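Enquirer: Predicted model and sequence follow; I will ask about them next.
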Amino acid sequence: MSALRYAGMDDTDSEDELPPGWEERSTKDGWVYYANHEEMKTQWEHPKTGKKKRCAGDLPYGWEQETDEKGQTIYVDHINKRTTYFDPRQAFTVEDVVVKPKRYDGNTSALEILQGRDLSDRVVLITGGNSGIGFETARSFALHGARVILACRNLSRASKAANLIQQEWHKARVEAMMCNLASLRSVREFAESFKAKELPLHILVCNAAVCTPPWNLTEDGFESTFQICHLGHFLLVQCLQDVLRRSAPARVVVVSSESHRFTNLLDSCGKVDLALLSPPKEEYWSMLAYNRAKLCNILFSNELHRRLSPHGVTSNAVHPGNMMYTSIHRSWWLMTFLFTLARPFTKSMQQGSATTVYCAVAPELEGSGGMYFNNCFRCQPSIQAEDPSSAANLWELLSVRKVQKQKQT
Ligand SMILES: NC(=O)c1ccc[n+]([C@@H]2O[C@H](COP(=O)([O-])OP(=O)(O)OC[C@H]3O[C@@H](n4cnc5c(N)ncnc54)[C@H](OP(=O)(O)O)[C@@H]3O)[C@@H](O)[C@H]2O)c1
């Protein structure tokens, strides 16, 4: 006996052994509880280990649970013709471990979040997936088996990006498609081509953006930062919302920025003003235009969630990180200079894509949306970004028919 104890095989000395006076019992639905006969009390936790347990499976073959005349649960073994108060399932109990959602932070990479996940039944669409954060997001999803579509304004850059991912894993399913957000016609054509593939759409990442380009009007007559960062995505979601709804549960992630805090969109009457969103040349300040578009991103995500969540489509907005060295700075030498100075201290692009990936797959976010995330953590956006009437107002202002009318006048 003592030899067994030294070998660690003496189960009478196990930590599960009950102190004198205690008895292990189970409820009808298999939860284990502990009764102390001296103190006449019961409790869920094991008196020594403090752990909760439940029975792992069904009753063994031939056994039945019954109630005796005193109302106590008994177990009848029909094969061996015997009856006992001891639940035979207690021989096979498992600990009741509450699986807490994993906590991530600013150092987490997208691939860490996806570790061990099989996304082979998921279809993911990413705008601007050919470079920077969008590329890392696409790569992370594709390396976990998802079918990924890169919706990009330059097909040759997009095909190069798709090839790079396929070189990394020959089974990656990545496809480049043409979608220029600076052209409403191109967005509509893209949506039609996508629909023609008859694919579902489980994850849509509105990622593409430009930052601080010189003032320029698109062919639709809108200031280009506003159209590329916001209006193009707005139309894209309008065109694909039936696909998203058919693919429910589906998630939209809108890539915004902390810079949304440094602006507002309201005119003197408190209404969202299109003249502020798409200003004429003399009123254009490139950084302000970017900040406004990023504020639109959060308002859009919130309103989209309000409208589509009853149909199983949720939406969240994210800040990917500060001043990551992507191509976003390329339009203005001053931005390039600042981004170069900040480069040693900022997140990698893998870390920059983590919050987007987290919002796209985290099980604890199933069915949840209308929120804003930074470093894989929910946080408070600016007061205006949270305002539901501004969100509804912006949506109405840009609804496709009104946008069309605007162009004609
Ligand atoms: N980098 C940061 O520090 C940072 C910080 C906060 C937020 N963000 C946000 O993160 C997102 C990704 O930016 P990034 O830093 O990865 O920049 P990026 O490397 O410049 O990527 C932007 C992507 O958008 C695409 N794009 C630009 N104009 C387009 C158009 N008309 N139609 C379709 N696609 C277009 C670009 O395509 P081309 O390659 O063809 O130009 C590129 O693929 C953006 O929403 C940005 O606002 C970035």
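Expert: Cool, got the structure. Numbers count the residues shown, from 1 in each chain.

Enquirer: Can you dump the C-alpha atoms of stretch 44-57 in CSV for me?
Expert: C-alpha atoms of stretch 44-57 as CSV (Å, rounded to 0.1, in the frame of the first residue of the first chain):
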residue,chain,number,x,y,z
TRP,A,44,-21.9,22.5,-4.8
GLU,A,45,-18.1,22.8,-4.2
HIS,A,46,-16.0,19.9,-3.2
PRO,A,47,-15.2,20.5,0.6
LYS,A,48,-11.4,20.0,0.0
THR,A,49,-10.7,21.1,-3.5
GLY,A,50,-13.4,23.8,-3.9
LYS,A,51,-14.1,22.4,-7.5
LYS,A,52,-17.5,22.0,-9.0
LYS,A,53,-18.2,18.8,-11.0
ARG,A,54,-20.9,17.3,-13.2
CYS,A,55,-21.5,13.8,-14.5
ALA,A,56,-19.9,13.4,-17.9
GLY,A,57,-22.4,11.2,-19.7
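
Enquirer: Show me the contact partners of that stretch.
Expert: Counting by Cβ atoms under 8 Å, 6 or more residues apart in numbering, the neighbours of stretch 44-57 from elsewhere in the structure are 15-19, 22, 26, 30-34, 36, 87, 89-90, 92-96. All C-beta atoms are positioned from the backbone trio N, CA, C, and that covers glycine.

Enquirer: Select from the residues you listed every entry located in strands.
Expert: Judged by DSSP state E, the contacts of stretch 44-57 include 22, 26, 32-34, 36, 93-95 as members of strands.

Enquirer: got CSV for these, with distance to the ligand, neighbour count and pLDDT too?
Expert: Formatted as CSV, those follow (distance: Cβ to the nearest ligand atom, whole Å; neighbours: other Cβ atoms under 10 Å; pLDDT from 0 to 100):
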residue, distance to the ligand, neighbour count, pLDDT
Trp22, 58, 18, 89
Ser26, 53, 21, 82
Val32, 50, 23, 87
Tyr33, 52, 16, 87
Tyr34, 54, 20, 89
Asn36, 59, 16, 90
Thr93, 49, 21, 74
Val94, 44, 11, 73
Glu95, 43, 11, 73
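
Enquirer: what two of those residues have the greatest distance between them?
Expert: Asn36 and Val94 (23.2 Å; Cβ to Cβ).

Enquirer: What's the separation between the residue nearest the centre of the chain and the ligand?
Expert: The centre of the chain sits closest to Cys359, judged by Cα atoms, centre = their mean, with a distance of 1.7 Å. Distance from Cys359 to the ligand, counting by Cβ to the nearest ligand atom, to the nearest Å: 13 Å.

Enquirer: and that residue, what does it touch?
Expert: Cys359 touches 251, 253, 316, 318, 365, 373, counting by Cβ under 8 Å, 6+ apart.

Enquirer: Top of these by number of neighbours, please.
Expert: Val318 (31 neighbours; other Cβ atoms under 10 Å).

Enquirer: Pull up the residues of this protein that are close to the ligand.
Expert: Counting by Cβ under 6 Å from any ligand atom, the chain comes close to the ligand at 127-128, 130-134, 152-154, 157, 179-182, 207-210, 228, 255, 257, 319-324, 326-328.

Enquirer: if you look at those, which of them are in strands?
Expert: 127, 152, 255, 319.

Enquirer: Spatially nearest residue to the second one (excluding sequence neighbours)?
Expert: Okay, so that is Cys152. In space, and not counting its chain neighbours, Cys152 is closest to Ala158: 3.6 Å by Cβ to Cβ, 6 or more residues apart in numbering.

Enquirer: Need the pLDDT of the one you found.
Expert: Note for Ala158: predicted pLDDT of 98.

Enquirer: ok, now the one 5 residues further on?
Expert: Asn163 is assigned a predicted lDDT (pLDDT) of 97.
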